[in-house]
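In: Quick one, fold the following:
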Amino acid sequence: MNQMNQMLVSMSNNLTECIEQSGMTNSEVAAAKGVTPETLRRHRNGKIQMTIKDAEHYARILDVDLHRILFKNAPIPVVGDCLIEECCITRTMHEPQKFEVYAENTFKVPHVAWVWRTAQPYVGQWYDWNGAVSFTKRDPIVDKFVDPECTQFISVVKSKTPFASKTPGHEGNLLTMTAGVVYPQPHGLYTVHNGKTEETYTDLDLEWATPHLSVVFRPRLCGMDVKEITK
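Out: Residues are numbered from 1 along each chain as shown. A predicted model of the protein is given here:
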């Protein structure tokens, strides 16, 4: 028997909403699943846990994606990735969107995700970030402004014009994005300092800056699922 199919899923689920949106009655869903209406009710309210196999069966019955059953919250858009190389971290925006993160909502503000990966082979100090997911506020990126919460805190920023990299081995390469502690300068310009990479950029005219909220190093173990968007 497939052990993965028998794994118990989170007590919290989106089964009730999926049934309501399907137009089917609870009795019809229970009959299609081969369970009693009482078992269905207990699955819906989390009184008993479903297995992955149960959730997949419900998804087929209701004609929805498995993730719609497993997670109450809308997926978190992944706006870009961070490629870790020996000497630098390259941040790239996804246009169009390629991934989304399914997770229980723990933030009070609209947010987006970034996925991290290491170049192969890689043995540097950032090795533990491979596969991590980090989160920033959404609105500064969408509405293109510098969030006041960025001042003197770690943030991700995008410049209106390219600037020269100061990373050893990559000096002179043109960048538009970086991350670090943001300091306002006169005339609407900014300094961004990253103490981990020892890079300091001054006189940046920023298109946007968004504060770093958190990072999860083991998404799957924390109940998160990064899913590729398929057309």
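
In: okay, the residue nearest to the spatial centre of the chain: pLDDT?
Out: Centroid-nearest residue in the chain: residue 113, 3.0 Å away (criterion: C-alpha atoms, centre = their mean). At residue 113, the predicted lDDT confidence score is 98.

In: what about it, which SS state?
Out: What DSSP: H, G, I helix; E, B strand; the rest coil gives for residue 113 is strand.

In: surely it meets residue 77?
Out: Yes: here residue 113 reaches residue 77: they are 6.9 Å apart, a contact under C-beta atoms under 8 Å. To be clear about C-beta, it is placed using only N, CA and C from the backbone, and glycine gets the same treatment.

In: what residues do those two have in common as contacts?
Out: Here residue 113 and residue 77 have residue 100 as joint contacts, going by C-beta atoms under 8 Å, 6 or more residues apart in numbering.

In: need the contact list for residue 197.
Out: By C-beta under 8 Å, 6+ apart, residue 197 lies in contact with 88, 89, 167, 180.

In: The same query, at a cut-off of 7 Å, please.
Out: The neighbourhood of residue 197, defined by C-beta atoms under 7 Å, 6 or more residues apart in numbering, consists of residue 167.

In: Look up which residues are beta-bridged to the residue lying closest to residue 97 once chain neighbours are set aside.
Out: Excluding the flanking residues, the one nearest residue 97 by C-beta to C-beta, 6 or more residues apart in numbering is residue 77, at 5.7 Å. Applying DSSP bridges to residue 77 yields these beta-bridge partners: residue 100.

In: Residue 77 - how many residues pack around it?
Out: Close neighbours of residue 77, defined as other C-beta atoms under 10 Å, add up to 19.

In: Hmm, residue 99 and it touching each other?
Out: No: taking contacts as C-beta atoms under 7 Å, residue 77 lies outside contact range of residue 99: 8.3 Å.

In: Can you name the helix or strand that residue 178 falls in?
Out: Using DSSP states H and E, residue 178 sits within strand 174-184.

In: helices or strands next to the helix or strand just after that strand in the packing?
Out: Sequence order places strand 190-194 as the next helix or strand after strand 174-184, per DSSP H and E. On a contact count with 3 or more C-beta pairs under 7 Å, 6 or more residues apart in numbering; DSSP states H and E, strand 190-194 meets strand 174-184, strand 199-204.

In: List the pairing partners of the shortest one within its sheet, with orientation.
Out: When sheet partners are counted by DSSP bridges, strand 199-204 sits next to strand 190-194 (antiparallel).
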